[in-house]
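just need the structure, nothing else, for what follows:
(one chain, ligands or ions: 4)
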Amino acid sequence: MQPNHATRSKVIQISALFLCAIGAGVLFPACGNSGSGNTTTGTGGAVSSGGAVSSGGAVSSGGAVSSGGAISSGGSPGAGGATKPPAGGGTGHFQMENLDRGVVAVVVSGGVYVGWRMFGYEYDTTASNVTYNVYRDGSKVANVTDSTNYQDASGTASSKYTVTAVINGTEGAQSPAATPWAQQYQSIATTPPSSGYSPNDGAPGDLDGDGKLDIVLKWDPSDSKDNSQSGVTGDVYIDGYTLAGTKLWRIDLGPNIRAGAHYTQMSVYDFDGDGKAELAVKTAPGTKDGTGAYLSKGSAAGADNSAVYRNSSGYILTGPEWLTVFAGDTGKELGTVDYPVQRGNVGSWGDTYGNRLDRYNGGMAFVKDGGTATGLPSIIQQRGYYTRLTVSALTYRNGVLAKNWVFDSNDPGNSSAAGQGDHSCMAADTDGDLGQEIITGPLTIASDGKFQCTDGIGHGDAMHVSELVVGKGISVFSVHEGAGGGDCHDGATCKYYFNVTGGGDNGRGAADYVGVGDDTGASCSSSHTGNLNCGTGATVTPSAGSNFLIYWDADEWREIENAASITKASGGSLLSCSQCSGNNSSKNTPTLTADLLGDWREELVVRETANTAIRVYTTTDVTKRRIYTLMHDPTYRAQVAFENASYNQPPHPGFHIGVGMADPPKPDIFVK
Ligand SMILES: [Ca+2]
Ligand SMILES: [Ca+2]
Ligand SMILES: [Ca+2]
Ligand SMILES: [Ca+2]
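Residues are numbered from 1 along each chain as shown. Ligands and ions are numbered 1, 2, ... in the order given. Okay, here's the model as predicted:
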């Protein structure tokens, strides 16, 4: 729809109200600059110090989980929770993944490019305290002091690379060895379940516990449907793959889960801290786990798996609704409970044919357990946002899948949250209390599942959550559907930095630091608003695009990603795969962008057009910028988990990355 300039009004409000003390430090540390990195968090936290959530004992009780409801298998979330790993794995707050060095090597013109991870817990703001030795075939070829990549002019396709960290002068263990890729990508062979299926969204996690990230891949049938469209769809299948190309399992969600962008939202993370990631997803009678067995645990016990509940229009408006946790290494069912918010009366969601009740988002977030910030991960599943809006947090710990909290706009005091959700959902600690808030676009739900704030502007199609205004903590860029235009607002208070309305349904938008004259804020870009400084609303160039973003080349500005191409915001192609295709029709999204390998810059996962492989691309541009793996930034890691939800959006770190950036905050993490 064309913007209607005559009806556009432009309101710029500079947010002056913060939940935290301004002036406490250059970057307002009490504002939760990243929420992730503050070892000095001093406000509002139930947890006294950034470091010392000592053990699962800190989680008060399962009794704090208030709304009992339909989930039968109780259990106390967090009971027996966090056990700290051996020294060297960090002693901070958030439970992150215990990844290996992630060494990647690629044959390039002039030798071999080698990249590797700095772990979040080994990062030291005194750069010289942490350096890396690079070994080729067992011989040291470099000590790298300023980055986590290196081009070895003497390397060949048959060289073997290992990397060690040298921390305060002491050299650590050799990493697993990497042999160079012959080209800039690695292929993972995929077998379509049947003709007409294409590899769709991906979600990473260390499924088998070897320290290497793997990929959970959703298959999309060609007859998949938007909720507004009638028609029977093929089954949704979900596979697990290692990046080395081993297929681990295939789950068939069966005939009672409809295929489409808004139905199946994959929550992938190591929820129980046993070193292996799990997959949590909505299931129903007829779902078969990765071993080929029908679900049988909890709510699924005794179900009639031959029943087909979908109606002649293809909608599924009756029958059991479940949430199942599957093992990452085998795809086996670990636990099944009733989906935390049941459909109830279909018409109560805004229509009677089944559109608005089946709008979901999902991912992982470090929300509070009851009222306590434990740093442990919860499964997040959202249902509804056009009218009734609900977000549920569940835990899977010690073999028990249980409800943590449920936010429901129908509950007393929450009515202003109704309708305040986008086709996406993200997490970030907006107020520095060591619990991540759930941001649905115009609405921030506090980490304990209580209402925090909303700007009330209503539903939009796209949103981005990061430090979009330098030094001001977490902010949110959201485009508007009914109101038109878009806004950037403070994630903690929902106060506008700018708000532009009018012009009708604004379907796309993106925000990041892509290289403009005024770097005090990211570029908030959309077709209806143009390109605005996220903090001031002033017009800037160039555009941050309207789709995906990726850290790719040597500078700290982010690049523009569409389908299987990467371009510089200021112009120029950096990567293009002619044998590859984007997903989700007009959205043209990649399968996944995330920091999966090598240094902090992001890998691109795209499908080959023939649908028989996905490719993992990595950068080979040597950078002098050193940042720990973004997967050890709790904000970025949670957003990667939400990336696959509905209208996929790229993940953002919780701190400013851009030319002229300050040193990243030290992440407040430990690894399991
Ligand atoms: Ca793995
Ligand atoms: Ca696990
Ligand atoms: Ca918080
Ligand atoms: Ca990377």
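
would you map the helices across the protein?
634-642 (DSSP state H).

residues from it in reach of ligand 2?
Proximity of the chain to ligand 2, by CB under 5 Å from the ion, involves residues 270, 272, 274, 276. C-beta coordinates here come from the backbone N, C-alpha and C atoms, glycine included.

generate a PyMOL selection restricted to the buried entries among the residues you listed.
Restricted to buried positions by 16 or more other CB atoms under 10 Å, the PyMOL selection for the residues of the chain next to ligand 2 reads:
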select buried, resi 270+272+276
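
quote the end-to-end distance of stretch 621-628.
17 Å (CA to CA, to the nearest Å).

next, count neighbours for Asp555.
16 (other CB atoms under 10 Å).

please begin residue numbering at 42 from this point
Okay, using 42 as the starting number, the last item reads as Asp596.

was I right about it contacting Met702?
No. The pair Asp596 / Met702 is not scored as a contact, 10.6 Å apart, by CB atoms under 8 Å.

how close does Gly295 sit to Ala348?
Plainly put, Gly295 is 10 Å away from Ala348 if you go by CB to CB, to the nearest Å.

who touches both of the two?
326-327 (CB atoms under 8 Å, 6 or more residues apart in numbering).

the two - which one has more neighbours?
Neighbour comparison, Gly295 and Ala348: the larger count goes to Gly295, with 19 against 14 (by other CB under 10 Å).

per-residue pLDDT, Leu633?
pLDDT for Leu633: 98.

quick check: Gly497 vs ligand 1, distance?
Going from Gly497 to ligand 1 by CB to the ion, to the nearest Å gives 43 Å.

was I right to think that residue contacts Pro483?
Yes. With contact defined as CB under 8 Å, Gly497 counts as touching Pro483 (6.5 Å).

comparing the two, which residue is more hemmed in?
Neighbours per residue (other CB under 10 Å) separate Gly497 from Pro483, with Pro483 holding more: 28 against 13.

for the more buried one, give its distance to Gly499.
Counting by CB to CB - Pro483 and Gly499 are separated by 6 Å.

listing request: residues of this protein with sub-threshold pLDDT.
Flagging of the chain using pLDDT under 70 yields the residue ranges 42-129.

run the chain-centre distance for stretch 602-618.
Its chain's C-alpha centre and that of stretch 602-618 lie 22 Å apart, by CA atoms, centre = their mean, to the nearest Å.

cool, and stretch 683-700?
So, by CA atoms, centre = their mean, the centroid of stretch 683-700 is 7 Å from its chain's centroid.

may I see the buried residues of that stretch?
Using 16+ other CB under 10 Å as the test for burial, stretch 683-700 gives 683-699.

and these, which of them are in strands?
With strands taken from DSSP state E, there is no overlap with those.

spit out the contact partners of the nearest residue to Glu138 once chain neighbours are set aside.
Nearest residue to Glu138, sequence neighbours excluded (CB to CB, 6 or more residues apart in numbering): Asp247, at 5.7 Å. By CB under 8 Å, 6+ apart, the contact set of Asp247 is 138-140, 253-255, 311, 316-318, 369.

ok, Ser465 next?
Applying CB under 8 Å, 6+ apart to Ser465 gives the contacts 402, 482, 503-504, 683, 686-690.

wait, Phe492 touches Glu478, no?
No. Assessed by CB under 8 Å, Phe492 is found out of contact with Glu478, at 10.8 Å.

these two: who's more crowded?
Glu478 (29 against 17).

so that one touches Cys535, yeah?
No. Applying CB under 8 Å, one finds Glu478 not in contact with Cys535, separated by 10.9 Å.

what do Phe492 and Glu478 both touch?
Ile486.

what parts of this structure come near ligand 4?
Counting by CB under 5 Å from the ion, the chain sits next to ligand 4 at 636, 639, 642.

mind running it again at 8 Å?
Contacts of the chain with ligand 4, taken as CB under 8 Å from the ion, map to 143, 145, 156, 158, 592, 636-644, 659-660, 670-671.

what's around Lys181, how many residues?
12.

and for the one 5 residues further on?
Each residue near Thr186 was counted by other CB under 10 Å, and the total is 12.

same deal with Ser353?
Count around Ser353 with other CB under 10 Å applied: 7.

so how far is Phe683 from it?
Distance from Ser353 to Phe683, by CB to CB: 34 Å.

also His673?
Distance of His673 to Phe683, computed by CB to CB: 17 Å.

Pro583 too?
Distance from Pro583 to Phe683, by CB to CB: 27 Å.

quick check: Gly416 touching Phe407?
Yes. If you go by CB under 8 Å, Gly416 and Phe407 touch, sitting 5.9 Å apart.

got the contact list for the residue nearest to Ala206 when sequence neighbours are not counted?
Using CB to CB, 6+ apart and skipping the chain neighbours, the partner closest in space to Ala206 is Gly213 (4.7 Å). Gly213 is in contact with 205-207, counting by CB under 8 Å, 6+ apart.

look up phi and psi at Gly213.
Note on Gly213: its backbone torsions stand at phi -90, psi -170 [degrees, to the nearest 10].

neighbours around the nearest residue to Phe367 once chain neighbours are set aside, how many?
Leaving aside its sequence neighbours, Phe367 sits nearest to Leu320 (CB to CB, 6+ apart; 4.6 Å). By the criterion of other CB under 10 Å, Leu320 has 26 neighbours.

Gly416 and Phe407: which is more packed in?
Using other CB under 10 Å as the criterion, Gly416 and Phe407 rank with Phe407 on top: 30 against 27.

doesn't Ala469 make contact with that one?
No. Between Phe407 and Ala469 there is no contact under CB under 8 Å: 9.9 Å.

which residues do those two both contact?
Shared contacts of Phe407 and Ala469, counting by CB under 8 Å, 6+ apart, come down to 477, 679.

straight-line length of stretch 486-495, end to end?
9 Å.

now stretch 419-433
With CA to CA, one end of stretch 419-433 sits 9 Å from the other.

isn't Gln304 right up against Lys323?
In this structure residue 304 is Tyr, not Gln. Yes. Counting by CB under 8 Å, Tyr304 touches Lys323, with 7.4 Å between them.

quick one: the strands in the stretch 392-541 of the chain?
401-406, 419-424, 431-438, 441-449, 467-469, 478-480, 484-486, 492-495, 504-507, 516-520, 527-531, 537-542 (DSSP state E, counting those that start in this stretch).

name the residues of stretch 255-274 that are buried.
Across stretch 255-274, burial judged by 16+ other CB under 10 Å covers 255-262, 265-266, 268, 273-274.

and ligand 1, which of those residues reach it?
By CB under 8 Å from the ion, the members of the buried residues of stretch 255-274 lying near ligand 1 are Asp255.

possible to save the buried residues of stretch 255-274 as CSV with distance to Phe711?
Below are those laid out as CSV (distance: CB to CB, whole Å):
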residue, distance to Phe711
Asp255, 22
Ile256, 25
Val257, 24
Leu258, 29
Lys259, 30
Trp260, 35
Asp261, 37
Pro262, 41
Ser265, 40
Lys266, 43
Asn268, 40
Val273, 47
Thr274, 42
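
name the nearest residue to Lys201, ignoring sequence neighbours.
Ala218 (4.7 Å).

number of nearby residues for the one you found?
Using other CB under 10 Å: Ala218 sits among 15 other residues.

ramachandran coordinates for it?
Dihedral angles (degrees, to the nearest 10) for Ala218: phi -80, psi 150.
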